[in-house]
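K.L.:
Just a sequence and a predicted model for now, questions to come.
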Number of protein chains: 2
Amino acid sequence: MNFCSDCGQPVSLVIPPDDTRLRHVCGHCGIVHYQNPKMVVGSIPFWHAGDSVLLCRRAIEPRYGYWTLPAGFMENSETTEEAASRETMEEAGARIELQGLFSLLNVPHVHQVHLFYRARLLDLDYLAGTESLEVKLFREDDIPWDELAFPTVSQTLRLFFDDLKSHQSGRPFGVHTLDIHKRMRSDE
Amino acid sequence: MNFCSDCGQPVSLVIPPDDTRLRHVCGHCGIVHYQNPKMVVGSIPFWHAGDSVLLCRRAIEPRYGYWTLPAGFMENSETTEEAASRETMEEAGARIELQGLFSLLNVPHVHQVHLFYRARLLDLDYLAGTESLEVKLFREDDIPWDELAFPTVSQTLRLFFDDLKSHQSGRPFGVHTLDIHKRMRSDE
């Protein structure tokens, strides 16, 4: 940020009075421009008949060609559930029924919070959207663990298949919160 | 938003190619300035000895003089847990131990998502911060329901005391997700 989005004059990085952090403050109109984390919201589209999950192969950077759960930046004026359904339709052309929040993953070094909802895939008429090269169902044993796009996706998938086994012996699914720190990127 | 924060030239509201929504786009450098929901994160500081919860009376607008759970905008580079603890210290001077995510509330008409964590209040040495007029423990029956600042706070407190009763008969606390729509403001 170099200029004030309100008045177009230059901004400086200063700590405002009654604050403890550096902010972009306009030298002309005095407005403080706060910057806050963004939410990335998606789903875990589950096809019960095959115990499989729908993944998308990315047609865009970052991580072009790697596999991901359908997810993307939440938009203003929508709810997290609406964002999860919208992204699943946009990236995978898939109709889902949401079944509850499953994971909340902090990614503080990129100023993001990722949320994934469990979802029931309603039919097999899915179709790669413009941001996906292909869309495919994977059973746990077939998931391309070494070709997953993001640590939040691999962590969510591992937790999901763990919980799925417990669920099949009668336990409810959990809601998982965890933090992804920078060093974990190399774990992939 | 009137001007590009990168180059300082005027922006226009247009739908970029490959997009479906109006965005602020710079007429000079072409950058698209996305706007996304912000997260408000806080805690439910619980004092076990008295079955009571710590509330803050707001010393700032909006809702000056009304009671709230300690909460505020999440900052870049922190996790949701860090935000919950920081806000609880800043607004209530209270030391807590976080005990798990409790509620996620969408407030789409103000482009916000609110998160509250259950927390154990560690001692009674709390103290109103600069954004609070006073800080006080309330048992369920004493909560000033008509003087709560926000619907996300009243919903979270109602759910918390409901779950507390179930918890005392052995059931685990839930994780609750709900949407607050504009008309609900008048319910307060």
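P.N.:
Structure's in. What do you need?
K.L.:
Low-confidence ranges, chain A, go.
P.N.:
For chain A, the stretches flagged by pLDDT under 70 are A:183-188.
K.L.:
Secondary structure element holding the residue lying farthest from the centre of it?
P.N.:
Centroid-distance maximum for chain A: A:H28 at 37.4 Å, with Cα atoms, centre = their mean. A:H28 belongs to no helix or strand when elements are defined using DSSP states H and E.
K.L.:
thought it was touching A:V11?
P.N.:
No - using Cβ atoms under 8 Å as the test, A:H28 is too far from A:V11 to be in contact (9.0 Å). The C-beta positions use only the backbone N, C-alpha and C, and glycine is treated the same way.
K.L.:
Can you tell me the SS state at the residue nearest to the spatial centre of chain A?
P.N.:
Residue closest to the average C-alpha location in chain A (Cα atoms, centre = their mean): A:V40, at 3.7 Å. Following DSSP: H, G, I helix; E, B strand; the rest coil, we place A:V40 in the strand state.
K.L.:
Bridge partners for it, pull those for me.
P.N.:
With DSSP bridges as the criterion, A:V40 is bridged to A:F73, A:H114.
K.L.:
need the contact list for it.
P.N.:
For A:V40, the contact set (Cβ atoms under 8 Å, 6 or more residues apart in numbering or on different chains) comprises A:A71, A:G72, A:F73, A:M74, A:Q112, A:V113, A:H114, A:L115, A:T152.
K.L.:
For the residues you listed, which PyMOL command selects only the ones that are buried?
P.N.:
PyMOL command restricting these to the buried ones, with burial defined by 16 or more other Cβ atoms under 10 Å in any protein chain shown:
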select buried, chain A and resi 71+72+74+112+113+114+115+152
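K.L.:
Which two among the contacts of A:V40 are spaced furthest apart?
P.N.:
Largest separation among the contacts of A:V40 by Cβ to Cβ: A:M74 and A:T152, giving 14.2 Å.
K.L.:
didn't A:S154 look like it was pressed against A:L148?
P.N.:
Yes - contact criterion Cβ under 8 Å: A:S154 and A:L148 qualify, at 4.6 Å.
K.L.:
Run a quick neighbour tally on A:Q155.
P.N.:
Using other Cβ atoms under 10 Å in any protein chain shown, A:Q155 is surrounded by 20 other residues.
K.L.:
ditto for the one 10 residues further on
P.N.:
Neighbourhood size, A:K165 [other Cβ under 10 Å]: 11.
K.L.:
so which helix or strand takes in it?
P.N.:
Following DSSP H and E, one finds A:K165 within helix A:151-168.
K.L.:
buried sites along the helix or strand following that helix?
P.N.:
Going down the chain from helix A:151-168, the next helix or strand is strand A:176-179, by DSSP H and E. When burial is assessed from 16+ other Cβ under 10 Å, strand A:176-179 yields the following buried residues: A:H176, A:T177.
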